[in-house]
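*Asks:* what follows is a protein structure lacking sequence information:
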């Protein structure tokens with residue numbers, strides 16, 4: 001078990017929160033407005049709906065029309081002498097998406113991480129890649145997929161692990177947390193309220209807190225998948241001190 005805890009140090013658990021790239025549809029560049037109109041034609045119920053009808057609610061889930069407003073990360077640190085396990089976590093959430101991404105990339109380049117997120121392979125990882133490139137930033141090595149064999153890609157996905165080969169099965173993070181009796185990450189806001197919190201309330205602090213809690217829940221679910229007991233004592237440190245990694 002000590003070897004397992006020691007190996008945990010190389011896994012970086014993460015979660016991202018996204019919002020529409022602008023507060024209103026009319027603020028999009030004209031060419032992107034045209035592309036959004038084409039995009040919404042696939043899920044519009046009525047042709048009478050205006051182009052901005054779905055924008056505030058749905059644009060954030062598409063990397064071409066959204067942006068990353070917060071990235072939460074966390075990792076385990078095991079002390080074999082004291083046999084203690086710590087979870088160190090922090091968030092990147094700057095007014096500029098580019099600064100948020102650059103801070104995150106600086107962390108990625110400090111060591112050879114294995115990334116882990118819930119539904120990360122279908123959402124978090126590709127979204128991050130697209131937004132990094134949209135900001136004209138080179139992809140960090142751990143997010144480069146082109147030309148790599150499957151076993152060379154250091155990505156874990158707790159939702160994929162839970163599928164056990166059942167490709168049609170979608171399971172919410174909150175459902176797994178309830179199943180394993182892990183405290184919910186839901187507090188002042190949830191994922192559906194991020195856009196409103198970001199643009200209407202200018203409440204980045206609540207978004208960062210929610211994102212950090214999702215990272216902590218994901219990490220606990222990963223431990224639960226290993227059959228570890230629910231009463232395992234872990235010290236939770238909410239911000240990495242400079243030089244920790």
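*Replies:* Good, I have the coordinates. A quick note: this is a predicted structure, and the numbers were derived from the prediction, not measured.

*Asks:* going forward, measure contacts and count neighbours with C-alpha atoms only.
*Replies:* Fine.

*Asks:* what about stretch 136-155, how long is it end to end?
*Replies:* End-to-end distance of stretch 136-155 (C-alpha to C-alpha, to the nearest Å): 23 Å.

*Asks:* repeat for stretch 223-234
*Replies:* 11 Å.

*Asks:* gap between residue 125 and residue 160?
*Replies:* Residue 125 is 13 Å from residue 160, by C-alpha to C-alpha.

*Asks:* give me the pLDDT value at residue 49.
*Replies:* pLDDT recorded at residue 49 is 69.

*Asks:* what's the answer for the one 10 residues further on, then?
*Replies:* What the model reports as pLDDT for residue 59 is 94.

*Asks:* show me where the protein has strands.
*Replies:* Taking DSSP state E, the strands of the chain run over residues 11-20, 66-79, 84-92, 114-117, 155-157, 235-237.

*Asks:* residues touching residue 231, list them.
*Replies:* For residue 231, the contact set (C-alpha atoms under 8 Å, 6 or more residues apart in numbering) is empty.

*Asks:* hmm, I typed the wrong one, I wanted residue 128.
*Replies:* Going by C-alpha under 8 Å, 6+ apart, the list of residues near residue 128 reads residue 68.

*Asks:* residue 53: how many residues sit nearby?
*Replies:* 12 (other C-alpha atoms under 10 Å).

*Asks:* low-confidence bits of this structure, can you list those?
*Replies:* Counting by pLDDT under 70, the chain contains low-confidence residues at 1-2, 6, 43-49, 185-188, 238-245.

*Asks:* domains for it, by residue range?
*Replies:* Annotated domains of the chain cover 2-18+67-237, 22-64 [automatic domain parsing].

*Asks:* deepest in the core, which of those domains is it.
*Replies:* domain 2-18+67-237 (a mean of 17; mean count of other C-alpha atoms under 10 Å).

*Asks:* scan the protein for its longest helix.
*Replies:* helix 204-225 (DSSP state H).

*Asks:* distance from that one to the middle of the chain?
*Replies:* Taking C-alpha atoms, centre = their mean, to the nearest Å, one finds helix 204-225 lying 9 Å from the centre of the chain it belongs to.

*Asks:* same for that helix, what does it pack against?
*Replies:* Packing partners of helix 204-225 (3 or more C-alpha pairs under 8 Å, 6 or more residues apart in numbering; DSSP states H and E): strand 11-20, strand 66-79, strand 84-92, helix 158-163, helix 173-179, helix 194-199.

*Asks:* ok, and what's touching stretch 104-120?
*Replies:* 10-15, 71, 92, 124, 126, 140-142, 154-160, 173, 215, 218, 245.

*Asks:* please apply the same query to stretch 199-208.
*Replies:* Identification of contacts with stretch 199-208 by C-alpha under 8 Å, 6+ apart yields 17, 23, 70-72, 91-93, 188-189, 194, 197-198.

*Asks:* understood, closing this out.
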